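1. Below: sequence and its predicted model.
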Amino acid sequence: MQYGRGIIPASAFSAIWFNIPIIYLHRMIDVKLLRENPDLFLNSCRARGYGTESVESFFNLDRKWRELTSALNKTKHDKNVLSLEISRAIKERRSPDAIKDQVKELNERIRVMEEQVTQIESDREKELLMIPNVLDPEVKTCRGDDNNPFLRFQGNATVFREDLGEFMTRTENQGVFTEIDYRPMSHVDLQEKLNLVDLERAGKISGARFYFIKNRLFKLELALINYAVDFLSQRGFSVVEPPLMLNYDSMARATDIETFKESLYKIEGEDLYLIATSEHPIAAMLRDEVLDQKELPLRVCGVSPCFRKEAGAHGKDTKGIFRVHNFNKVEQFIFCEPEQSRDFHAELLANTEEIYRSLGLSYRVIDFCSSELSVLNARKFDIEVWFPSQGKFREVASASNNTDYQARSLNIRYRSKDGNRFVHTLNNTALATTRTMVAIMENFQDRPGNSIRVPDVLVPYTGFDTIGE
């Protein structure tokens, strides 16, 4: 099961989280907003295709909590009154025993009621965790990848004539293309022909979906990383190499762990997991901190290997280096004030688009349907590059606005004139090297498949302009 795919009842969330210690539960939504505007959350759940049981259960528990808290406060008040009576009786030389018996009875009732209040608070917090982020009002209510709204196409794609129908459908007849009468060589064949990747020997020592990157393709990978880092550095991003492992608490706070749990590599005997993306350590690095308002926006570029089991991708892209267990990625991350997050979401998307445009790759941008978003996302865009040998657009980057949902879990705030407020967090891939190298191999090869042209912007980083035999 994966969040954001199909109709998922709230009860399913409880099954996921039932065994997580309460110390790891961290509220992800604005409870004040939930109480003031429950329909906002109910409608958001329905649009995602989720059940509304958790929202309804929260209000039932909240009502019980208020009633029981009121009764508890009254009982404590009654006890205080009796305590004063005991003092008065002693002063008046009357026996306080009967009153003490009443106080003893009230103490037991208070103990039971306090336990009940604590249990209700715990149950209520668990229900809050099951409530996904509120959708951005511009998100289209729809289901299925095929219904994700198309926003735009950029570039001039090389399209085999047999793939024109697919290309024009996916670009809503807006795509610009150059028609060819042959299908380009797949990157799997090309990388073997040009001695660029060794899958067989990697499989011998590590298993499927591992690889040796060799020769000029390795230098191209370094060039991609350095180019993306320079690009983002010039746009105000500080560059970090994050830890490659996170403890469970940090991972659970930073992400929708259900989405990643089948992909995460656990370190045996340690409370550590290999990171699936540098987004998670970057998000977690400011946990429990209060920033100065003048520090925002904080733009961070993370460069790291990423490790994923790809457990849910059996049979998909089993050949080549498109879908692998470890790859290098340059990530964008922004911490900002709530009023600015929409603009920064557009900025992150524009950065990645400019990178892929500068590489000379053709792509389309889609806006995710309501049911296709993870529980963290208020809105998400995908960039999909055209792969001519496959005759398909394939995803290379996702730009997500998580508003304050992730920050609440991580308890990241900033000081403002109105008091401490939660930041908004956003992330987007600048580029993942393996998929980008596949795109370059498929788009910039010559017809015989004897060489690959290096994108012009990378030549200063590689020191050569072709990769060939």
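-> Sure, I can see it. Owing to the predicted nature of the structure, the values given are computational and were not obtained by experimental measurement.

2. which residues of this protein score low on pLDDT?
-> 1-27, 259, 311-315 (pLDDT under 70).

3. any idea where the strands of the stretch 301-450 of the chain begin and end?
-> Here the stretch 301-450 of the chain has its strands, by DSSP state E, counting those that start in this stretch, at 326-336, 363-367, 379-387, 392-401, 413-416, 419-422, 424-432.

4. what helices or strands is the second one leaning on?
-> To tie it back to what came earlier, the one meant is strand 363-367. Under the contact criterion of 3 or more C-beta pairs under 8 Å, 6 or more residues apart in numbering; DSSP states H and E, strand 363-367 touches strand 150-154, helix 341-358, strand 379-387, strand 392-401. To be clear about C-beta, it is placed using only N, CA and C from the backbone, and glycine gets the same treatment.

5. can you redo those as JSON lines with mean neighbour count and distance to residue 52?
-> Shown next, in JSON lines, are these (neighbours: other C-beta atoms under 10 Å; distance: least, C-beta to C-beta, whole Å):
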{"stretch": "strand 150-154", "mean neighbour count": "16", "distance to residue 52": "30"}
{"stretch": "helix 341-358", "mean neighbour count": "19", "distance to residue 52": "26"}
{"stretch": "strand 379-387", "mean neighbour count": "24", "distance to residue 52": "21"}
{"stretch": "strand 392-401", "mean neighbour count": "21", "distance to residue 52": "23"}
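
6. Adding distance to residue 434, write the ones you listed out as JSON lines.
-> Formatted as JSON lines, the helices and strands packed on strand 363-367 follow (distance: least, C-beta to C-beta, whole Å):
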{"stretch": "strand 150-154", "distance to residue 434": "22"}
{"stretch": "helix 341-358", "distance to residue 434": "15"}
{"stretch": "strand 379-387", "distance to residue 434": "13"}
{"stretch": "strand 392-401", "distance to residue 434": "10"}
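
7. among those, which is nearest residue 365?
-> Residue 365 sits nearest to strand 150-154 of all the helices and strands packed on strand 363-367, at 4.4 Å, using C-beta to C-beta.

8. Which element is encountered next along the chain beyond the closest one?
-> Where DSSP states H and E defines the elements, the next helix or strand beyond strand 150-154 is strand 157-160.

9. what's that following strand in contact with?
-> With contacts defined as C-beta atoms under 8 Å, 6 or more residues apart in numbering, strand 157-160 is touched by 167, 175-184, 362, 386, 388, 391, 443.

10. Domain map for this structure?
-> 10-129, 145-468 (automatic domain parsing).

11. How far away from the center of its chain is the last one?
-> Per C-alpha atoms, centre = their mean, to the nearest Å, the displacement of domain 145-468 from the mean C-alpha position of its chain is 12 Å.

12. all numbers from here: first residue = 4
-> Sure, I'll start counting at 4 from here, so that last one is domain 148-471.

13. got the end-to-end distance for that domain?
-> Chord length of domain 148-471, first to last residue, is 37 Å (C-alpha to C-alpha, to the nearest Å).

14. which one of the helices and strands packed on strand 366-370 lies closest to residue 258?
-> Closest to residue 258 of the helices and strands packed on strand 366-370 is strand 395-404 (C-beta to C-beta; 11.0 Å).

15. Now do that closest one and strand 382-390, the angle between them.
-> Interaxial angle of strand 395-404 relative to strand 382-390 (axes from the mean of the first three to the mean of the last three C-alpha atoms, to 10 degrees): 160 degrees.

16. As CSV, could you dump the C-alpha coordinates of strand 395-404?
-> Provided in CSV are the C-alpha atoms of strand 395-404 (Å, rounded to 0.1, in the frame of the first residue of the first chain):
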residue,chain,number,x,y,z
LYS,A,395,8.1,8.0,-23.4
PHE,A,396,8.4,10.9,-21.0
ARG,A,397,10.0,9.7,-17.7
GLU,A,398,10.1,11.5,-14.4
VAL,A,399,13.5,13.1,-13.4
ALA,A,400,12.5,15.6,-10.7
SER,A,401,9.7,16.3,-8.3
ALA,A,402,9.1,19.7,-6.7
SER,A,403,7.1,19.6,-3.5
ASN,A,404,5.6,22.2,-1.2
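
17. Residues touching it, excluding its own?
-> 139, 166, 169, 173, 325, 344-345, 348, 351-352, 355, 359, 366-367, 377, 379-390, 427, 429-435, 438-439, 442.
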